[in-house]
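In: Requesting a structural model of the entry that follows:
(2 chains)
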Amino acid sequence: MELFVFVVAAAMVLGGALGVVTRSNPVHAAMSLVLTLFGIAVMFVSHNAHFLAAVQVIVYAGAIVVLFLFVIMLLGVDKAEDLSVEPITNQRPLAAIIGVGISAIVIAAIVSSRAGLGASGEGVNETTFESPDANIRQLARVIFSDNVFAFELTSVLLLVAVIGTVVMARKTKSVGTGK
Amino acid sequence: MSLMFSLAEPTSTWYLVLSAVLFGIGTIGVMVRRNPLIMFMCIELMLNAVNLSFVALSSQIANIDGQVVVFFVLVVAAAEVVVGLGIIVSIMRRRTTLTVDDMSGLKG
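Out: Here you go, the predicted structure:
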């Protein structure tokens, strides 16, 4: 059963990722991104990270992708772009070599350090099985005790991002004529 | 060295390998695509790959801190997308095409 879930979710993740990279229409790429994000959310659930799975669906698939689609529609770039030309000579083979190389190096590191990770499947967080909301309780306890300062800083970060975007996206005309 | 994956249950090594592959695909996308929106989506792919490995290792070593890090990464990713899309919208006010190769106004 675990294997079946992993295979289906991995197919969703990789298929969506390939779709994002290869699709010429930005709207299709955004839809492929949703597929990938849902696959990741399924994997979070299978790791008993229920809160993060919910946040993944709400924030990523719900908010960020909708924001992407808003911008795509707003700018009117929802036309398929021509992917047959390479802007820089040999760009795609070089990019493929670098990307596959990064993956290969990381996979080699993972495989060689597998013993240190204890890949036997033991050590799964037992406390998350106690009750249905154990994951959320545990996460909240850590966030609001050890990481409360970082948590407050993220609220400041979000405020700065919102104000900065409003200032940046405002029409330049209104800045010239004053408020 | 044989991998000795047990076929009954996927271990966290499988998830880590999957996240490495996902990160590689995102890297290729950032380097190949010329549409800044698609490049942003590929950056999201890379962030999600790292999130997946954080969660896999968090449940592997029975420590909730990895999930806390993923929580903060999600918040920062949301802020990053908001600011980045704002920049793209304000650039598109002046230009008609949406290609990163055309955005060379700050080049020395």
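In: C-alpha from now on. contacts and neighbour counts both.
Out: OK.
In: Show me which helix runs longest in chain B.
Out: Assignment by DSSP state H gives helix B:65-92 as the longest helix of chain B.
In: Just checking that helix against chain A, any contact.
Out: Yes - shown here: helix B:65-92 in contact with chain A (Cα under 8 Å from any Cα of the partner chain) through B:65, B:67-68, B:70-72, B:74-76, B:78-83, B:85-87, B:89-90, B:92.
In: by contact count, what packs against that helix?
Out: The contact analysis (3 or more Cα pairs under 8 Å, 6 or more residues apart in numbering or on different chains; DSSP states H and E) places helix B:65-92 against helix A:50-55, helix A:65-75, helix A:134-143, helix A:148-169, helix B:36-60.
In: closest to A:R114 out of these?
Out: Nearest to A:R114, of all those, is helix B:36-60, at 11.4 Å by Cα to Cα.
In: Summarise which helices and strands the closest one is packed against.
Out: Counting by 3+ Cα pairs under 8 Å, 6+ apart, helix B:36-60 packs on helix A:2-22, helix A:26-46, helix B:12-32, helix B:65-92.
In: coming back round to it: between the helices and strands packed on helix B:65-92, which one is closest to A:M12.
Out: helix B:36-60 (12.8 Å).
In: re the thing from before, save the helices and strands packed on helix B:36-60 as JSON lines, and put in distance to A:N147, mean pLDDT and mean neighbour count too.
Out: Output for the helices and strands packed on helix B:36-60, formatted as JSON lines (distance: least, Cα to Cα, whole Å; pLDDT from 0 to 100; neighbours: other Cα atoms under 10 Å in any protein chain shown):
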{"stretch": "helix A:2-22", "distance to A:N147": "30", "mean pLDDT": "92", "mean neighbour count": "19"}
{"stretch": "helix A:26-46", "distance to A:N147": "21", "mean pLDDT": "93", "mean neighbour count": "23"}
{"stretch": "helix B:12-32", "distance to A:N147": "26", "mean pLDDT": "92", "mean neighbour count": "24"}
{"stretch": "helix B:65-92", "distance to A:N147": "8", "mean pLDDT": "90", "mean neighbour count": "19"}
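In: Could you dump those helices into TSV and include distance to A:I102?
Out: What follows is the helices and strands packed on helix B:36-60, written out as TSV (distance: least, Cα to Cα, whole Å):
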stretch	distance to A:I102
helix A:2-22	16
helix A:26-46	20
helix B:12-32	6
helix B:65-92	21
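In: out of the ones you listed, which comes closest to A:A96?
Out: A:A96 sits nearest to helix B:12-32 of all these, at 5.9 Å, using Cα to Cα.
In: my guess is A:F51 meets A:I136, correct?
Out: Yes - between A:F51 and A:I136 a contact is recorded at 5.8 Å, counting by Cα atoms under 8 Å.
In: Neighbours of A:I88, how many?
Out: By the measure other Cα atoms under 10 Å in any protein chain shown, the count of residues near A:I88 is 8.
In: Which one's more surrounded, A:F51 and A:I136?
Out: Ranked by neighbour count (other Cα under 10 Å), A:F51 and A:I136 place A:F51 first, with 20 against 14.
In: For residue 34, give me its contacts.
Out: In the absence of a named chain, chain A is used. Shown in contact with A:V34 (Cα atoms under 8 Å, 6 or more residues apart in numbering or on different chains): A:G16, A:A61, A:V65.
In: right idea, wrong chain: chain B
Out: B:T99, B:V100, B:D101.
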